[in-house]
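Peer 1: Pasted the sequence and its predicted model underneath.
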Amino acid sequence: MNLVDGITAFVKIADLGSFAAAARELNISPSAVSKLVSKTEEELGTRLLNRNTRGLSLTQEGEMFLERSRVILDELTSAKEELSSISGEPRGKLRVSLPNMPSFFLPVISRFMAQYPAVTLEVDLSDRLVDVIDEGFDAVIRVGQLSDSRLTARSLGNCAMNLVASPDYLRRYGVPATVDDLRSHTCIQYRYPSSGRTEPWPLQHPASGVVDVIPSLICNSTDVRLGLALDSKGIAFMPGLLTEKYIASGELDVVLVNIVEQNYEMNLVWPTNKYAPSRLKAFTDFIVNYFTDR
């Protein structure tokens, strides 16, 4: 028996919860899966799974071996890809998480797909703070400082945040000259998906005091808030990644310049692994170059 096949079957059963589901995933019969696991248990000299009429569960030894099994399979995959990349193009599946800004990242994804057609991207667009390793992501673009020693990071630079509104809105309702003026304006605010709190609009000079704006709309979509600002529905606190082209074209104006602003550091992070597959290297280099060119 190929021990790797047995380990693969064991991991699939643990992930999917049944022999039948693992068999479908591996495209073999349930009896073949059962034999692979039995042979693996025989080879290891211990039981990995408890089987009974109520279902199955991992033994204590199975729990321990599952973690090692994932490492073994990941290292084997990485080794194969490292060897194949010497003579071939990057290929395989890449699972990435990006900030929920489709209008910005759509051309990024499209250009990467055109350049690396053999790589299958699985893209998660979300503003929540994902756990890169526990959730199985290959790479994540994250806003803020890196605090996990298990991750490698490359800086993508700073993302400026500013209050923006359309010229038409400002003509109708006036240009706010002070932070206090925001009380009489339509404010479109963002709600953090992780905490449920609304995003504060920071002051450049905290000594002047924090003004609580009254939101006319709260939304967890950056693209929707951008669309509302462009449609003259109010003032929004937005990342420059999205608004810079509209500011350049005159469709949006920055208000309260040098008073209400903030910068966030953006990083591309991925699990530290000296045998990183070629598709991951291709993706990280592509993203860093894309942001550098901007």
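Peer 2: Looks like it came in fine.
Peer 1: pLDDT of stretch 91-109, averaged?
Peer 2: Across stretch 91-109, pLDDT averages out at 90.
Peer 1: mind checking the end-to-end distance for it?
Peer 2: Its first and final residues considered, stretch 91-109 spans 15 Å by Cα to Cα, to the nearest Å.
Peer 1: The longest helix seen in the chain packs against which elements?
Peer 2: Criterion DSSP state H: the longest helix present in the chain is helix 60-84. Counting contacts by 3 or more Cβ pairs under 8 Å, 6 or more residues apart in numbering; DSSP states H and E, helix 60-84 is packed against helix 3-16, helix 278-293. All C-beta spots, glycine's among them, are computed from the backbone N, C-alpha and C.
Peer 1: residues of that helix that come out buried?
Peer 2: By neighbour count with 16 or more other Cβ atoms under 10 Å, helix 60-84 contains the buried residues 62, 65-66, 69, 72, 78, 81.
Peer 1: circling back to that earlier point, just name the most buried of the helices and strands packed on helix 60-84.
Peer 2: Counting by mean count of other Cβ atoms under 10 Å, helix 3-16 has the highest mean neighbour count of the helices and strands packed on helix 60-84, with a mean of 19.
Peer 1: and that one, what other elements does it pack with?
Peer 2: Partner elements for helix 3-16 (3+ Cβ pairs under 8 Å, 6+ apart): helix 19-26, helix 30-44, helix 60-84.
Peer 1: what about that helix, distance to the chain center?
Peer 2: 27 Å (Cα atoms, centre = their mean, to the nearest Å).
Peer 1: cool, stretch 37-56 as well?
Peer 2: 36 Å.
Peer 1: For that stretch, what does the pLDDT average out to?
Peer 2: For stretch 37-56, the per-residue pLDDT averages 85.
Peer 1: 652 is where my numbering starts, stick with that
Peer 2: Shifting the count to begin at 652 puts that one at stretch 688-707.
Peer 1: Just the CA atoms of that stretch, as PDB, please.
Peer 2: The C-alpha coordinates for stretch 688-707 follow below in PDB (Å, rounded to 0.1, in the frame of the first residue of the first chain):
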ATOM      1  CA  VAL A 688      -7.400   3.700   6.400                       C
ATOM      2  CA  SER A 689      -7.300   0.200   7.800                       C
ATOM      3  CA  LYS A 690      -3.900  -0.400   6.200                       C
ATOM      4  CA  THR A 691      -2.700   2.900   7.500                       C
ATOM      5  CA  GLU A 692      -3.800   2.100  11.000                       C
ATOM      6  CA  GLU A 693      -2.000  -1.300  10.700                       C
ATOM      7  CA  GLU A 694       1.100   0.400   9.400                       C
ATOM      8  CA  LEU A 695       1.100   2.900  12.300                       C
ATOM      9  CA  GLY A 696       0.100   0.300  14.900                       C
ATOM     10  CA  THR A 697      -2.800   2.400  16.300                       C
ATOM     11  CA  ARG A 698      -6.400   3.200  15.600                       C
ATOM     12  CA  LEU A 699      -7.100   6.600  14.100                       C
ATOM     13  CA  LEU A 700     -10.900   6.500  13.800                       C
ATOM     14  CA  ASN A 701     -13.700   5.300  16.000                       C
ATOM     15  CA  ARG A 702     -16.400   3.700  13.900                       C
ATOM     16  CA  ASN A 703     -19.900   3.000  15.300                       C
ATOM     17  CA  THR A 704     -23.500   3.200  14.200                       C
ATOM     18  CA  ARG A 705     -23.800   6.800  15.300                       C
ATOM     19  CA  GLY A 706     -21.000   7.800  12.900                       C
ATOM     20  CA  LEU A 707     -17.300   8.200  13.200                       C
END
